[in-house]
Every structure is written in C-alpha cells, then in structure tokens.
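Enquirer: Curious how this folds, go ahead:
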Amino acid sequence: MRIFQFLLLSLALFLQYKFWFGHNGMQDYTRLKSVVDTHEIANEKLIKRNKLLKADIDDLKLGLEGVEERARHELGMIKPNETFIRVLPNK
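Expert: Presented below is the predicted three-dimensional model:
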C-alpha cells in the first residue's frame with residue numbers, strides 16, 4: 001500500500017513539474033502570450049496607419065481639395081494675394 005501511495009505522489013509531482021516547467025507548460029504559455037500581446041499592439045498601430053493612408057488616398061482621388069491641402073501643408077504653397085502665417089508651438 002505504501003508503494004502505491006508513493007507511486008501516486010511521484011506521478012502527481014511529475015505531472016505538476018511538467019505542467020509548470022515542461023515543454024508547452026505554463027512558462028511557455030506566458031512567454032508566448034506576451035509575444036502575442038506585443039504583436040497585437042503592433043498590428044493595431046498598423047491598422048490605424050493603414051486606415052489613415054486609405055482615407056488620404058480616397059481624399060486625393062475624389063477632388064482637388066486634398067491635393068491643395070497637401071500642397072499647402074507639405075510644400076508651403078500659397079495662393080496669390082494670400083498671406084502665409086505659421087505658428088510654432090512652444091517647446
């Protein structure tokens with residue numbers, strides 16, 4: 001009877017060790033979970049960037065307002081008889 005109890009205890013300890021420290025155990029799970037969370041955050045940022053780029057492309061395809069806005073903002077172009085004022089924020 002004592003040998004049977006010892007074997008059951010040994011089996012329980014072995015299974016616990018495998019669960020916490022073995023291959024595909026809890027340590028691997030937490031490590032992979034953190035990697036997946038990191039990739040999900042990166043994917044969310046990329047999805048937001050793609051939505052902004054798609055909106056910008058749609059705006060440029062639809063009319064000249066987008067082209068004019070881009071020329072004013074990026075190139076500093078102004079219309080005749082127009083005054084361009086740039087306000088810089090304090091650092």
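Enquirer: Every contact and neighbour count from this point should use C-alpha atoms.
Expert: OK.
Enquirer: F21 contacts Y29, doesn't it?
Expert: No: judged on CA atoms under 8 Å, F21 makes no contact with Y29 at a distance of 10.3 Å.
Enquirer: so what secondary structure elements neighbour the helix or strand I41 falls within?
Expert: If you go by DSSP states H and E, I41 is part of helix 26-62. Where contact means 3 or more CA pairs under 8 Å, 6 or more residues apart in numbering; DSSP states H and E, helix 26-62 is packed against helix 2-21, helix 64-75.
Enquirer: got the contact list for the last one?
Expert: With CA atoms under 8 Å, 6 or more residues apart in numbering as the test, helix 64-75 has contacts from 56, 59-60, 77-78.
Enquirer: how does it look with 6 Å?
Expert: 59-60, 77 (CA atoms under 6 Å, 6 or more residues apart in numbering).
Enquirer: Low-confidence bits of the protein, can you list those?
Expert: For the chain, no stretch is flagged by pLDDT under 70.
Enquirer: re the thing from before, out of the contacts of helix 64-75, which is most surrounded?
Expert: For those, counting by other CA atoms under 10 Å, the largest number of neighbours falls to L60: 16 neighbours.
Enquirer: Near the residue lying closest to that one once chain neighbours are set aside, how many other residues are there?
Expert: Closest residue in space to L60, ignoring its immediate chain neighbours: G66 at 5.0 Å, by CA to CA, 6 or more residues apart in numbering. A count of nearby residues for G66, using other CA under 10 Å, gives 16.
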